[in-house]
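Visitor: any chance you can model this:
(2 chains)
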Amino acid sequence: MYYFKSIKEKLLISLPVILLYFFSFYHFQMPEIGKINFFSFNFQMILVYFYVLKFPDDLGFGNIFLAGIINDTVVGIPLGTTSLSYLTLSLFTSYIRNATLRSVMTAEWFTFIPALFFSNLIYLLIINNFSNLSFYYIELLQNTFFTFLYYPIFHYIFSRYQNLISKD
Amino acid sequence: MSDNRDDFIIAIRYALLKKGAKQKFSLFFLIILSISIITLDKLSPAFVNPVRAVFTDIVYRVAVVSAQPAVFKTFLGNKIKEHYSLIEENKYLKVEIEYLKQQKFNNAYLKTDNEVLRNALNLSNDRSMEQDFTVTAKIILDQESPYLKSFLINKGSTDGIIKGMTVFSGEYLMGTIIETNYLTSRVLLLTDLNSKIPIIIENTSINGILEGTGNKKNFRLNYLPEGYALEVEKIIFTSGKDGFLTEGIPVAKTYLDKKDNVLIKLLADPDQVLIVQVTNGQISK
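Guide: Okay, here's the model as predicted:
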């Protein structure tokens, strides 16, 4: 009985890591409504930002790095691009965590803007300088905007989830 | 001022080097590792390619497995739609059979007539296309990405596929191979921004370059003569000016959208294709 409880606990704690890997392997598609795809957002970035900021021990940098490498392989861009982008996001988030005394959701939400900016800047710089790929700037912009917009929703879901597993 | 700068440097150094209780690697180490991988990937020394190919194959296989629930959902949806459309199709087919029965007799006469005329003009009937190399492959992963319009097929370098080969769906051109691994390959679709092919427009001598825009229903035609206006319902063929693709392969067609703009769409629908033919593009008529 104790054995199963331990496995359940480990699974619950590892859920962010499992989700990070799952969405690196599988890029879900949502139907487009008109010309704007409202459901195009980067779930991994929200996950990385939230967990590095609030629960850094639950999402290791090694996992973030490896998930980025897998994402690059699946999407077909130069290896290491997404990893470096996610790690830049993690660096910025760690800095915010160290520099902030009291955490407020709205403040976290707005500091997500520069974090996304630097992360995407690194991404674009690598794609432009290390590959011959052209880029869908509008789609990336849309994706980044909706990633920022949906952060509070996921903040609520992840916070509730962390509360639930800490009670257990 | 100097205190603020010191605080900033301390916070950044702390973020870069601190490992924490459960962190096995520091951010600094992983950032250096990422930069090294990007550099190695760009330089592509000989020892990296086999490692990359094996790693890519493994990742693709896992990605295929992880996409199965979505594939099953699509399959189920399609089956239900198919079922409901069968009745309508059946009614339509009955009418069409009657019409075709009548046409059959007309065609038999026309065929004979055509053969007689061909013989008179000394034209050969054998106009089939033959490829030097053809491999039929299945699409194993077709994931929408804002960065690259491509899909993965289940044939790789062990089946003789090499980078640059052309991919067809039936008789329509779909794209080119941009990456090969041992067991899988990646096809860059014509819809991608990076896709550019020389074309010629039906019943004209107008040449141009067909470029993808990321949208299968809105291609871009560049290098057209000044003042040339595109007409509706024109088929666009390859011109063969790249020296790789043979001329006359149907690629796209022009159409009128709801706002009366003449746009270009692909003949093959990349979203509906399951099986493709990989060829070396040396199609000889």
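
Visitor: need the longest helix for chain A.
Guide: When chain A is parsed with DSSP state H, its longest helix is helix A:105-130.

Visitor: all strands for the stretch 1-150 of chain B, in order.
Guide: Remark: strands assigned in the stretch 1-150 of chain B by DSSP state E, counting those that start in this stretch are B:134-141, B:150-153.

Visitor: right, and those - which one's nearest B:I162?
Guide: strand B:134-141 (10.8 Å; C-beta to C-beta). All C-beta atoms are positioned from the backbone trio N, CA, C, and that covers glycine.

Visitor: return the list of helices and strands in contact with that closest one.
Guide: The contact analysis (3 or more C-beta pairs under 8 Å, 6 or more residues apart in numbering or on different chains; DSSP states H and E) places strand B:134-141 against helix B:48-66, strand B:150-153, strand B:275-279.

Visitor: by how many degrees do the helix or strand following the longest helix of chain A and helix A:105-130 diverge?
Guide: Next along the chain after helix A:105-130, taking DSSP states H and E as the criterion, comes helix A:137-149. Relative orientation of helix A:137-149 versus helix A:105-130 (axes from the mean of the first three to the mean of the last three C-alpha atoms, to 10 degrees): 160 degrees.

Visitor: can you tell me the helix or strand for B:G208?
Guide: Per DSSP H and E: strand B:207-211 holds B:G208.

Visitor: list of residues touching that strand?
Guide: By C-beta atoms under 8 Å, 6 or more residues apart in numbering or on different chains, the list of residues contacting strand B:207-211 from outside reads B:190, B:193, B:195-201, B:219-224, B:236, B:239, B:241, B:251-252, B:264.

Visitor: give me the subset of those touching chain A.
Guide: B:L193 (C-beta under 8 Å from any C-beta of the partner chain).

Visitor: apart from its neighbours in sequence, what residue is nearest the residue positioned nearest the centre of chain A?
Guide: The C-alpha lying nearest the average C-alpha coordinate of chain A belongs to A:M45 (C-alpha atoms, centre = their mean; 1.9 Å). Computed as C-beta to C-beta, 6 or more residues apart in numbering or on different chains, the closest residue to A:M45 that is not its neighbour in sequence is A:T147, at 5.5 Å.

Visitor: so the one you found touches A:L47, yeah?
Guide: No: judged on C-beta atoms under 8 Å, A:T147 makes no contact with A:L47 at a distance of 10.6 Å.

Visitor: sorry, back to before: redo the helices and strands packed on strand B:134-141 as a markdown table? Include mean neighbour count and mean pLDDT.
Guide: Putting the helices and strands packed on strand B:134-141 into a markdown table (neighbours: other C-beta atoms under 10 Å in any protein chain shown; pLDDT from 0 to 100) gives the following:
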| stretch | mean neighbour count | mean pLDDT |
| --- | --- | --- |
| helix B:48-66 | 16 | 86 |
| strand B:150-153 | 24 | 88 |
| strand B:275-279 | 19 | 87 |
